[in-house]
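S.K.: Next input, structure requested:
(one chain, ligands or ions: 1)
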Amino acid sequence: MSKLAYLGPRGTFCEAALRLLAPDVEGVPYANVTAALEAARSGTADGAVVPLENSVEGAITQTLDELAWGPPLLVTGELLLPVEFTLLVRPGTELAQIKRLTTHPAAHTQCRGFIERELPGAVVVAAASTAGAAQEVAAPGSPYDAAISPAIAGEYYGLTAIASNIGDRSDTVTRFIRVSPPGLLPEPTGADRTSLVVFLQDDHPGALLEMLSEFAVRGVNLTRIESRPTGDGIGHYFFHFDCEGHVSDARVGEAISGLHRLSSDVRFLGSYPRADAVAPQVRRGTADADFAEAADWLSRIRAGRV
Ligand SMILES: O=C(O)C(=O)C[C@]1(C(=O)O)C=C[C@@H](O)C=C1
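M.R.: Here you go, the predicted structure:
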């Protein structure tokens, strides 16, 4: 049976995402995103499932940076998981007794309103994951009174839910990705997404516009753009892009070849089916047949057949 590493321990949203993405696969929990990705790279696991972005909190920067800098991995799938937060305590603890609270920083941000309203003055300490926070609350002699976690973590670790659905928004979604060691790409489905990272050649007026033009002139719709610091001082960035389509589509392939020519490095992160199955709108002149016809035309005129 194949194995997928995930951000553990048991009970995280990441585990729930893995169960939906790959129901027949054994999930192996790791303490953090880096360790889960390392398991996929080393072959200890066949791949990994990790969070990429949240509809309220934004990018999970640890995942973005790992994909950009670490040994290459390919994104082979994605899933959009609605996330609903629960306040978990040891049986008998009441709301007024909660002085120290622990959860994942992304969960903290998403429950800020509830914490300010119901637990003013409570100290919030960051945990490696939401279920990791629940596990810590359940541990003997725990310094924490409560955890913000998925409800299922309460069942796993013997905690009681004293408040449910405590996120500031009820429609929050986290996007999880499945990554695999480099190998065959998923076949195009007609509703795909392509992810890549671009490192600029140099800093000059219009550098960002030049990158965006590669997509725009070929009718490729972007679905996410994120700048991340390179670490080389203030003002130095690289860029994550998600766009509609598969690298086997002529317009996507040509756009990323164009980026390859212009930039110091392009890291292709994968083409994979979109979780929402939304197919791109192909603009006039940007279908595969249009690119093939234009290439034929160019060959003819180069051969003097005007
Ligand atoms: O801690 C978990 O349960 C996770 O799966 C991680 C994670 C995240 O990294 O954003 C996933 C969804 C929630 O937004 C909070 C935490």
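
S.K.: what about the nearest residue to residue 147 once chain neighbours are set aside, which SS state?
M.R.: The spatially closest residue to residue 147, leaving aside those adjacent along the chain, is residue 133, at 3.8 Å (Cβ to Cβ, 6 or more residues apart in numbering). Quick note: C-beta positions are derived from backbone N, CA and C, even for glycine. Classification of residue 133 using DSSP: H, G, I helix; E, B strand; the rest coil returns helix.

S.K.: Residue 62 - that's part of a helix, no?
M.R.: Yes: assessed with three-state DSSP, residue 62 lies in a helix.

S.K.: what sits against it?
M.R.: Counting by Cβ atoms under 8 Å, 6 or more residues apart in numbering, residue 62 touches 32, 33, 34.

S.K.: Work out for me the element the nearest residue to residue 8 once chain neighbours are set aside sits within.
M.R.: Take residue 8 and drop its neighbours on the chain: the residue closest to it by Cβ to Cβ, 6+ apart is residue 29, 2.3 Å away. Per DSSP states H and E: residue 29 is located in strand 26-30.

S.K.: Which neighbouring elements make contact with that strand?
M.R.: If contacts are counted by 3 or more Cβ pairs under 8 Å, 6 or more residues apart in numbering; DSSP states H and E, strand 26-30 sits against strand 3-7, helix 13-21, helix 33-42.

S.K.: other SSEs contacting the last one?
M.R.: For helix 33-42, the packing partners by 3+ Cβ pairs under 8 Å, 6+ apart come out as strand 3-7, strand 26-30, strand 47-54, helix 61-69, strand 173-180.

S.K.: Relative to residue 10, how far out is the residue most central in space within the chain?
M.R.: Among the residues of the chain, the one closest to the centroid is residue 52, at 1.4 Å (Cα atoms, centre = their mean). Using Cβ to Cβ, to the nearest Å, one gets 21 Å for the distance from residue 52 to residue 10.

S.K.: quick revisit: can you add mean pLDDT and distance to residue 258 and give the helices and strands packed on helix 33-42 back as JSON lines?
M.R.: Formatted as JSON lines, those follow (pLDDT from 0 to 100; distance: least, Cβ to Cβ, whole Å):
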{"stretch": "strand 3-7", "mean pLDDT": "98", "distance to residue 258": "34"}
{"stretch": "strand 26-30", "mean pLDDT": "98", "distance to residue 258": "37"}
{"stretch": "strand 47-54", "mean pLDDT": "97", "distance to residue 258": "25"}
{"stretch": "helix 61-69", "mean pLDDT": "97", "distance to residue 258": "20"}
{"stretch": "strand 173-180", "mean pLDDT": "98", "distance to residue 258": "25"}
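
S.K.: which bits of the stretch 151-300 of the chain sit near the ligand?
M.R.: Residues of the stretch 151-300 of the chain lying close to the ligand (Cβ under 6 Å from any ligand atom) are residue 174.

S.K.: residue of the stretch 151-300 of the chain with the smallest distance to the ligand?
M.R.: Among the residues of the stretch 151-300 of the chain, residue 174 lies closest to the ligand, at 4.0 Å counting by Cβ to the nearest ligand atom.

S.K.: wait, that residue sits on residue 56?
M.R.: No: counting by Cβ atoms under 8 Å, residue 174 stays clear of residue 56, with 9.2 Å between them.

S.K.: Mind checking which of these two has more residues around it?
M.R.: Set side by side, residue 174 and residue 56 show more neighbours around residue 174, with 24 against 17, by other Cβ atoms under 10 Å.

S.K.: contacting residues for that one?
M.R.: 13, 17, 51, 53, 54, 55, 80, 81, 83, 106.

S.K.: Tell me, how many residues neighbour the third one?
M.R.: I take that to be residue 51. For residue 51, the count of nearby residues is 26 (other Cβ under 10 Å).

S.K.: try the first one
M.R.: With neighbours defined by other Cβ under 10 Å, the count for residue 13 comes to 28.

S.K.: Could you do the last one as well?
M.R.: Residue 106 is surrounded by 23 other residues when neighbours are defined as other Cβ under 10 Å.

S.K.: Next one: it from residue 279, what distance?
M.R.: Here the criterion is Cβ to Cβ. By it, residue 106 lies 30 Å from residue 279.

S.K.: how near is the nearest residue to residue 170 once chain neighbours are set aside to residue 14?
M.R.: Spatial nearest neighbour of residue 170, chain neighbours left out: residue 84 (7.8 Å); criterion: Cβ to Cβ, 6+ apart. According to Cβ to Cβ, residue 84 stands 15 Å off from residue 14.

S.K.: again, but for residue 44
M.R.: Separation of residue 44 from residue 14 (Cβ to Cβ): 17 Å.

S.K.: Fine, thanks again, bye for now.
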